[in-house]
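Participant: Got a predicted structure here, sequence first:
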Amino acid sequence: MFNFTFYNPTTILFGKDQISKIDSYLPADAKVLITYGGGSAKRNGVIEQVRTALGQREVLEFGGIEPNPHYETLMKAVEVIRQNDITFLMAVGGGSVIDGTKFITLASHYKGDATDLLKFGFNRITNSTVEKVLPIGAVLTLPATGSEMNDGAVISYGNGKFPVMSNLAFPLFSVLDPTVTYTLPIKQVANGIVDAFVHTTEQYLTFPVDARIQDRMAEGILQTLIEIGKQNIDEPENYDARANMVWSATMALNGIIGVGVPQDWATHMIGHEMTALYGLDHAQTLAIVHPALLTEMKEQKAAKLLQFAERVWGITTGTDNEKIELAITKTSEFFASLGVHTKLSQYGIGKDAVDKIVAQLEAHGMTKLSETGKITPEVSRRILERAF
């Protein structure tokens, strides 16, 4: 197992009616800006619940944060903060709203051009770059990204998607009430399950380093998602199924399964370019790229893929290669069972996309991807060709 430092200061308020508990986590004199997305959080009453819980505090609202949050939109929120002396941010929404709010707080008191905070690759911002941030609280309405309990965000600007990470951006607290997710469209529920699954495998399907706790926690998340994935589609108000989905998505990317182990993230980097070029949902790109990538890299990942086949999918017969291939097939079939396509052609995208996506990867410096850096543009091309 590799050396690691683990830090996660976010308090989780999990379960029914937990929004009402947030009052004690904010200063009494906080001036609050509620951030949200397209308006569903207002229509389903969640923002009203938050306002009620905030009591007599002064509260402003900023809506319209996109599913892939745009830099330009977020900077409008920064102006609201500066003009109104906001002291606390409340993100109400899914991962994109929380991601956007993290960037808002990093930019809110940054003295330079906020585009300085956007770089390709794994960009970590420290307090030597950003000297002051506003505390963030979050109410999660769409389980998927784990943003409610981590320090990362992905921001869209120009023709790129920029990962932004900073210990300064952890939410102070997050409310995870499974009941507020009952009204989500089935497509978003399915996307969330795929997102959580691939977040887990990006940290698990690499190479062995004898990290037994991390492996078994990752396997538990994957098994849980397989068990309750379709149930969440068919029974959207099954509290136990939805609660397990919500917590799986959080645990998949709050840092705990990624400590001391090699991590991949090539599926995400390739998928980001698909979203930027073709507007596909993030999870849709993961479902397309991941099985193709695992097939292309099965020799490099053989030991962990075999473990995945045996422990997660319960495949115990056949040669090692047959077990691995069946595990990849079952993974693809799992995504499809949720209604998420696994081929670019199913979205009407032609094979000319391969050249465009590879060109974007090269332009953005994504030329040595995966846990070993062996996914070059040529390997990315082969992965994309498999994705048809």
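Facilitator: The structure has been received and is ready for your questions. Since we're looking at a predicted model, the values are computed, not measured.
Participant: For K230, pull up the helix or strand it's in.
Facilitator: Assigned by DSSP states H and E, K230 belongs to helix 212-234.
Participant: Run through who's touching that helix.
Facilitator: 1, 186, 189-190, 193, 196-197, 200-201, 203-204, 238, 241-242, 244-245, 248, 251-252, 256-261, 307-308, 311-312, 334, 337-339 (Cβ atoms under 8 Å, 6 or more residues apart in numbering). Quick note: C-beta positions are derived from backbone N, CA and C, even for glycine.
Participant: Swap in 6 Å and give it another go.
Facilitator: 186, 189, 193, 196-197, 200, 204, 241, 244-245, 248, 251-252, 257, 261, 311-312, 337-338 (Cβ atoms under 6 Å, 6 or more residues apart in numbering).
Participant: Quick check: next helix or strand after that helix?
Facilitator: helix 239-252.
Participant: Which strands or helices does the following helix or strand past that next one pack on?
Facilitator: Per DSSP H and E, helix 239-252 leads on to helix 266-278 as the next helix or strand towards the C-terminus. Contact analysis of helix 266-278 by 3 or more Cβ pairs under 6 Å, 6 or more residues apart in numbering; DSSP states H and E lists helix 282-296, helix 353-363 as its packing neighbours.
Participant: just to revisit the earlier point, got a PyMOL select line for the buried ones in the contacts of helix 212-234?
Facilitator: In PyMOL syntax, the buried subset of the contacts of helix 212-234 is picked out as below (16 or more other Cβ atoms under 10 Å):
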select buried, resi 189+193+196+197+200+204+241+244+245+248+251+252+257+261+311+312+338
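Participant: Tell me, how many residues neighbour the nearest residue to K21 once chain neighbours are set aside?
Facilitator: Distances taken as Cβ to Cβ, 6 or more residues apart in numbering place L13 nearest to K21, at 5.5 Å, with adjacent residues excluded. Neighbours of L13 under the rule other Cβ atoms under 10 Å: 18.
Participant: Just say helix, strand or coil for L13.
Facilitator: strand (DSSP: H, G, I helix; E, B strand; the rest coil).
Participant: How about E61?
Facilitator: Strictly by three-state DSSP, E61 counts as strand.
Participant: Make sure it is actually in contact with I34.
Facilitator: Yes. Checked against Cβ atoms under 6 Å, the pair E61 and I34 is within contact range at 4.8 Å.
Participant: Between these two, which has more neighbouring residues?
Facilitator: The residue with more neighbours, out of E61 and I34, is I34; 24 against 16, by other Cβ under 10 Å.
Participant: The more buried one bridge partners, please.
Facilitator: E61, M90 (DSSP bridges).
Participant: list the contacts for it?
Facilitator: I34 touches E61, M90, V92, counting by Cβ under 6 Å, 6+ apart.
Participant: Which strands or helices does the helix or strand hosting the last one pack on?
Facilitator: By that I understand V92. Using DSSP H and E, V92 sits within strand 88-94. With contacts taken as 3+ Cβ pairs under 6 Å, 6+ apart, strand 88-94 sits against strand 31-35, helix 46-54, helix 95-108, strand 136-142.
Participant: Could you export these as a markdown table, including distance to Q231 and mean pLDDT?
Facilitator: Output for these, formatted as a markdown table (distance: least, Cβ to Cβ, whole Å; pLDDT from 0 to 100):
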| stretch | distance to Q231 | mean pLDDT |
| --- | --- | --- |
| strand 31-35 | 31 | 98 |
| helix 46-54 | 23 | 97 |
| helix 95-108 | 22 | 97 |
| strand 136-142 | 18 | 98 |
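Participant: need these in TSV with distance to L172, can you?
Facilitator: Formatted as TSV, the helices and strands packed on strand 88-94 follow (distance: least, Cβ to Cβ, whole Å):
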stretch	distance to L172
strand 31-35	12
helix 46-54	14
helix 95-108	11
strand 136-142	6
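Participant: With respect to L294, which of these lies nearest?
Facilitator: With Cβ to Cβ, the closest approach to L294 among those belongs to helix 95-108: 23.6 Å.
Participant: which residues are contacting that closest one?
Facilitator: 35-37, 65, 67, 69, 74, 77-78, 81, 89, 91, 114, 117, 130, 133-134, 136, 138, 144-145, 147-148, 153-155, 164, 169.
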